[in-house]
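**Q** sequence-free structure coming up:
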């Protein structure tokens, strides 16, 4: 070796793989070191001698050994890839977390709006129920108001007819007035859907008629209405009161036609007289005892 100011030339045999690893390690740590180490490598063959020029400082003389002791680049690259993968997974998890939180916030807002709508709808339904109940009560109390207003003139006409009958004994005029009042009353009922029907002479129908009596008559066929006691009425095609009627039945057969039948009961009585004798004997015997 020469003095400290002279360059030292070191000649040694180093494998090519070690040299490549050292080069990569030096390139990786070149930014962190203050002094730069230059290594001249011959590319002739893996076993060729290598001449390296370095400064006489101890750090330069120890750089090949430290480069040889550096970890392989494959492990570093694997670690770097694993770190990058973990970092990517972390970023992905954070992004998914933010997305999930955003969805939860939107779902919470929608649920809150739905609850508010439900409360409003429930309040509207309760108000509607109260209004419907109030309207129903008003209809029950004042539903017949229009009908009563139409019937009041009929009552006025009846009062006028009574006053006229009290002042004048003309029964014909009174009868005409009552007939006119009745027609006005029937017309008023007709405007409100109330219509009467006649059942006289019609076949008896239990859906429309109510029989209160049966009479033997030949004026109408049997099973038909002979007399109408009370008229029936419809309300908008619905039966509100059936007609009370008297139903006709066929007259009984004449008495002359029944004379041949009268002889047969006489024969029957003669036949039944025979068992009566033992009964008398029993009475007599009982009396003797």
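**A** Looks like it arrived, so ask away. This is a predicted model, so every value here is computed, not measured. Residues are numbered from 1 along each chain as shown.
**Q** could you pull out the helices for the protein?
**A** 16-28, 58-69, 73-142, 145-167, 171-191, 259-273, 276-288 (DSSP state H).
**Q** buried stuff in the fifth one?
**A** Put plainly, it is helix 171-191. Neighbour-count burial for helix 171-191 flags 174, 177, 181, 184-185, 188-189 (criterion: 16 or more other CB atoms under 10 Å). Placement of C-beta: from N, CA and C, glycine included.
**Q** contacting residues around that helix?
**A** 150-151, 153-154, 157-158, 160-161, 164-165, 168, 195-196 (CB atoms under 8 Å, 6 or more residues apart in numbering).
**Q** need these in CSV (columns: distance to residue 232, neighbour count and pLDDT).
**A** Shown next, in CSV, are the contacts of helix 171-191 (distance: CB to CB, whole Å; neighbours: other CB atoms under 10 Å; pLDDT from 0 to 100):
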residue, distance to residue 232, neighbour count, pLDDT
150, 22, 16, 88
151, 20, 16, 87
153, 25, 13, 89
154, 21, 18, 88
157, 25, 17, 88
158, 24, 16, 87
160, 30, 12, 87
161, 27, 19, 85
164, 32, 13, 83
165, 31, 16, 82
168, 36, 10, 79
195, 10, 15, 91
196, 7, 13, 91
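**Q** just name the closest of those to residue 246, please.
**A** residue 196 (17.9 Å; CB to CB).
**Q** what sits against residue 195?
**A** 189, 233-234 are the contacts of residue 195 under CB under 8 Å, 6+ apart.
**Q** which one of these is nearest residue 227?
**A** Looking across the contacts of residue 195 and measuring by CB to CB, the closest to residue 227 is residue 233, at 18.1 Å.
**Q** and the closest one, what's its pLDDT?
**A** With respect to pLDDT, residue 233 scores 93.
**Q** with distance to residue 207 added, can I get the helices of the chain in CSV?
**A** Below are the helices of the chain laid out as CSV (distance: least, CB to CB, whole Å):
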stretch, distance to residue 207
helix 16-28, 110
helix 58-69, 118
helix 73-142, 29
helix 145-167, 26
helix 171-191, 22
helix 259-273, 40
helix 276-288, 55
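**Q** how about these, which one is nearest residue 202?
**A** helix 171-191 (20.3 Å).
**Q** the closest one vs helix 145-167, what angle?
**A** If you take axes from the mean of the first three to the mean of the last three CA atoms, to 10 degrees, helix 171-191 sits at 180 degrees to helix 145-167.
**Q** before we move on, back to that, tell me which of the helices of the chain lies nearest to residue 205.
**A** When these are compared (using CB to CB), the closest one is helix 171-191, at 22.6 Å.
**Q** returning to what we had before: among the contacts of helix 171-191, which pair sits farthest apart?
**A** 168 and 195 (34.6 Å).
**Q** how many other residues sit next to the residue nearest to residue 226 when sequence neighbours are not counted?
**A** Among residues not flanking residue 226 along the chain, residue 248 sits closest, at 4.0 Å (CB to CB, 6 or more residues apart in numbering). Residue 248: 22 surrounding residues under other CB atoms under 10 Å.
**Q** what do you get for residue 232?
**A** 20.
**Q** check contacts around it.
**A** Here residue 232 is in contact with 196-197, 199, 208-209, 239, 241-243 (criterion: CB under 8 Å, 6+ apart).
**Q** for the residue lying closest to it once chain neighbours are set aside, give the beta-bridge partners.
**A** Leaving out its chain neighbours, the residue that sits closest to residue 232 by CB to CB, 6+ apart is residue 243, at 3.5 Å. Assessed by DSSP bridges, residue 243 has beta-bridge partners residue 209.
**Q** which residues touch residue 243?
**A** 197-199, 208-210, 225, 228, 230-232.
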